[in-house]
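Chemist: fold the stuff below for me.
(chains A and B)
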Protein chains: 2
Amino acid sequence: MYGLIGKMLAVPGQRKALITILLEGAAEMPGCLSYVVACDLTEADALWITEVWESEEHHRASLALPAVQAAIARGRPLIASFGEHVVTKPVGGHGLTPPAIDAS
Amino acid sequence: MYGLIGKMLAVPGQRKALITILLEGAAEMPGCLSYVVACDLTEADALWITEVWESEEHHRASLALPAVQAAIARGRPLIASFGEHVVTKPVGGHGLTPPAIDAS
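Modeler: The predicted structure follows:
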C-alpha cells in the first residue's frame, strides 16, 4: 500500500470551498482505499488530507482521471500553499475499503 | 467527527512488533471510522497512526476497552517517543466505515 499525509493551506476564507472540491473529485478513484479530508483545529485555513492507495501507481493514475483533473483545475486557485507532506507505507488497520465504482 | 494524526518512534528494531500490537488492539472499537497504521519511509523506527472517530468521546471511551488496555500495556515498552500529534475535524471522504462489532 501507498500512503500520503499532507497539509494544505487554503486562500483565506476558501477552506470550505476547497474541501467541497476535494471531496467531489475523490468519489470514485480506482485503487483508493481511504481518502479523508479534515480541518485543522488551530489554523482557520488549514486542512489535512490522509490517503491510502493500493499502490503508488494507482495514486499516479488517479491524477489523470477526468473528475480529478477537473477538481485540480477548480481547486488550485483556492490553495495558498502546501505544508507537511509525508509519504508512508500503510500496513493495516480499519477503514481500508475499495471504492464503489459506478460502472454504468 | 474527531481525527488524530500521530507519529510514533519505536524502540530500535521494535517497529514491526509494535505495529502488530497496535493492529490487534484496533480490531473492534465502537465509534472508530478509520484507524490506519503506516510505516514512515525515511526513518526505520517511525510509524504513523491516522484515526477518525465519530466523536472525541468515542475515542476517549476506546481507551478503556479491555483489548485496548491490553495493547497499551504490551505496546508501551516498545515506544521510544512520540512525534507530531495533530487533532483534526474530519469532514468527509472515502473509507469512513463503522467497525464490524462481534456481538457474540
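
Chemist: please count neighbours and contacts with C-alpha atoms only from this point.
Modeler: Noted.

Chemist: near chain B, which residues of chain A show up?
Modeler: A:3, A:23, A:26-27, A:33-41, A:48, A:50, A:86-99 (CA under 8 Å from any CA of the partner chain).

Chemist: what is the neighbour count of A:Val87?
Modeler: As a burial measure, A:Val87 scores 17 neighbours (other CA atoms under 10 Å in any protein chain shown).

Chemist: and it, what's its pLDDT?
Modeler: At A:Val87, the model reports a pLDDT of 98.

Chemist: returning to that earlier point: quick one, which of the residues of chain A next to chain B are buried?
Modeler: Applying 16 or more other CA atoms under 10 Å in any protein chain shown to these, the neighbour count classes A:3, A:23, A:26-27, A:33-40, A:48, A:50, A:87-99 as buried.

Chemist: can you tell me which of the residues you listed are in helices?
Modeler: Cross-referencing those against helices under DSSP state H gives A:Leu23.

Chemist: about what we covered before: okay, and which of the residues of chain A next to chain B map to strands?
Modeler: Among those, DSSP state E puts A:3, A:33-40, A:48, A:50, A:86-94 in strands.

Chemist: A:Arg52 and A:Val11, how far apart?
Modeler: Arg isn't right for residue A:52; it's Val. 26 Å (CA to CA, to the nearest Å).

Chemist: higher neighbour count, these two?
Modeler: A:Val52 (28 against 16).

Chemist: mind listing what the more buried one touches?
Modeler: Applying CA atoms under 8 Å, 6 or more residues apart in numbering or on different chains to A:Val52 gives the contacts A:Met1, A:Tyr2, A:Gly3, A:Leu4, A:Cys32, A:Leu33, A:Ser34, A:Tyr35, A:Pro90, A:Leu96.
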